[in-house]
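Undergrad: Below are the sequence and a predicted model for it; my questions follow.
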Amino acid sequence: MIIFLCYVYYGDFMEKLGINKKNIARSICAFLLFYFLPYIILYILQLCGMKLDNVDDAGRVIYNTVFSFITAIILFIIYRKDFKDEFKTFKKDVAKNIDCGFKCWFVGLIIMMFSNLFLNLLLKAGGANNEEAVQSLLTSLPTLMAINVCLFAPFNEEIAFRKTIKDVFKNKWIFVILSFLLFGGAHVISSAETLIDYLYIVPYGALGGAFAYAYYETDTIFTSMSMHMIHNTILVMLSLFIL
C-alpha cells in the first residue's frame, strides 16, 4: 500500500512538472553520450599506450572534430525518427519558423552582449577563458575548426541542451531555464578559475535560453539549430577576418 501511494504521489508530482517519463532514459543516455564519449575514448587510447599529454593545438582540433563528428552520427541515429517529423514541421512554414528563430536569437544576443559588457567593464572580468581557448584553436587549423564550430558543435549541442530536455520537460519555462543553466554551465565550468568566471554562465546561458524558447515556440529543433549555426558562423568569420 505504501509503495502504491508513493508511486501515485511520485507520478502526480512528475505530472505537475510536465515531465514525460517515457523519454527520460533516452534523454539521459544522449546527454551522457555527448558529454562523456570524448573522455571515454581518450582514456581507452591512453590505456593502449598512446601519449596524448603533449598534443598541440592542431592535434586538439583534429581530436575534437573527429569526436564531434562521431557524436553527431550516433545522436542522429538515436533521434532519426524525431528529426524526420520535426523537419516536416520546419518545412511547413519555414518563413515563420526562421522569423521566430531570429527574434529569439536577437533577444538572446542583446542579453549576452550587455551581460558581457557588465562583466568586462564593471567587474573587470577580462573575458571568458573558454573564448580564449577557442580563439587559440581557431588560429591553428582554421578550416577544420570552423567546420566543427559551425556545423558539428551546434548540431550536437542542440540535441544535448535542447532536444533531450524538451523531450522530458513539457513545461515551457522549466525547459528554458534548464537549458539556460546547463548550456551556460557547460561553456564555463570546465575553464572557470575564479568565482567571477562562473558569472559568464549568464551570457552563454542567454543564448541557450533563447534557442530553447525558439524551439518550444516552433516545435522543431531545426529552428534553434539553424540559429545556432548562423550565430557560430558569424563569430568564426569575425574571429578570422576582423578581430
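TA: Structure received.

Undergrad: Which residues does the helix or strand hosting Ile70 contact?
TA: Using DSSP states H and E, Ile70 sits within helix 57-78. The contact list for helix 57-78 (CB atoms under 8 Å, 6 or more residues apart in numbering) reads 26, 29-30, 33-34, 37-38, 41-42, 52, 55, 83, 136-137, 139-141, 144-145, 147-148, 152-153, 155-156, 159-160. C-beta here means a position set from N, CA and C on the backbone, and glycine is covered the same way.

Undergrad: Nearest residue to the middle of the chain?
TA: Most central in the chain under CA atoms, centre = their mean is Glu157, positioned 3.0 Å from the mean C-alpha point.

Undergrad: so which strand or helix has it?
TA: helix 153-158.

Undergrad: Repeat that for Asn232.
TA: Per DSSP H and E: helix 221-241 holds Asn232.

Undergrad: just Glu193 next, same as before
TA: In this assignment (DSSP H and E), Glu193 forms part of neither any helix nor any strand.

Undergrad: Give me the distance between it and Leu47.
TA: Here the criterion is CB to CB, to the nearest Å. By it, Glu193 lies 30 Å from Leu47.

Undergrad: Pro38 too?
TA: Distance of Pro38 to Leu47, computed by CB to CB: 15 Å.

Undergrad: coming back round to it: so who does the residue nearest to the centre of the chain touch?
TA: 34, 183, 186, 228.

Undergrad: what about the second one, distance to Asp197?
TA: Going from Phe183 to Asp197 by CB to CB gives 16 Å.

Undergrad: How about Gln46?
TA: To Asp197, Gln46 is 28 Å away according to CB to CB.

Undergrad: Same drill for the two, tell me which one is more crowded.
TA: Just comparing Gln46 and Asp197: by other CB atoms under 10 Å the higher neighbour count belongs to Asp197, 19 against 12.

Undergrad: SS state for that one?
TA: Secondary structure assignment for Asp197 (DSSP: H, G, I helix; E, B strand; the rest coil): helix.

Undergrad: wait, doesn't it sit right on His187?
TA: No - using CB atoms under 8 Å, Asp197 is not in contact with His187, being 11.0 Å away.

Undergrad: State the number of residues packed around the nearest residue to His231 once chain neighbours are set aside.
TA: Closest residue to His231 apart from its sequence neighbours, by CB to CB, 6 or more residues apart in numbering: Trp105 at 6.4 Å. Close neighbours of Trp105, defined as other CB under 10 Å, add up to 23.
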